[in-house]
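[1] Task: produce atomic coordinates for the following.
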Amino acid sequence: MDDEPLDEWAARRETRRPTPGDRRAVPLGESPGHGGHVDPDAPRAMLEWDGHQWTPSGVAEDHATAAQETGPQDAAQRVPLPRFSALPPAPERPFRPTQVFRRP
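    Next up, the predicted model:
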């Protein structure tokens, strides 16, 4: 395993962290932590990232209202994809096994 320099690790970690002001909704129903499709009519707690932690900022009536309040979810766009050159080379075509297989 290659050791990654600390400054590169910190820069990569920072790209995955939310930016201050990002908002998210958390269900307040019987089963907290589930997706919006589980109980769409349950009230939602609105949380805002202040740079260190998620702090409460309000309550929404249901999933649809919470989705309007949080805005577009672009957290997945901040995470970089792996380099395609890091993949192993494809096998030669046509692939032939190295051992002969016979059915019993």
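[2] which stretches of this protein form strands?
    23-27, 44-49, 54-60 (DSSP state E).
[3] So what touches the last one?
    What it means is strand 54-60. 23-25, 28, 43-49, 66, 69 (C-beta atoms under 8 Å, 6 or more residues apart in numbering). No exception for glycine: its C-beta is placed from N, CA and C like everyone else's.
[4] go with 10 Å
    Applying C-beta atoms under 10 Å, 6 or more residues apart in numbering, the contact partners of strand 54-60 are 18, 22-26, 28, 42-50, 65-70.
[5] What subset of the residues you listed is buried?
    By neighbour count, with 16 or more other C-beta atoms under 10 Å, those hold 22-25, 42-49, 66-67, 69-70 as buried.
[6] okay, the strands of the chain in CSV with mean pLDDT and distance to R93 next?
    Below are those laid out as CSV (pLDDT from 0 to 100; distance: least, C-beta to C-beta, whole Å):
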stretch, mean pLDDT, distance to R93
strand 23-27, 87, 47
strand 44-49, 90, 49
strand 54-60, 91, 51
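[7] Can you add distance to D2 and give those strands back as JSON lines?
    Putting the strands of the chain into JSON lines (distance: least, C-beta to C-beta, whole Å) gives the following:
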{"stretch": "strand 23-27", "distance to D2": "34"}
{"stretch": "strand 44-49", "distance to D2": "31"}
{"stretch": "strand 54-60", "distance to D2": "33"}
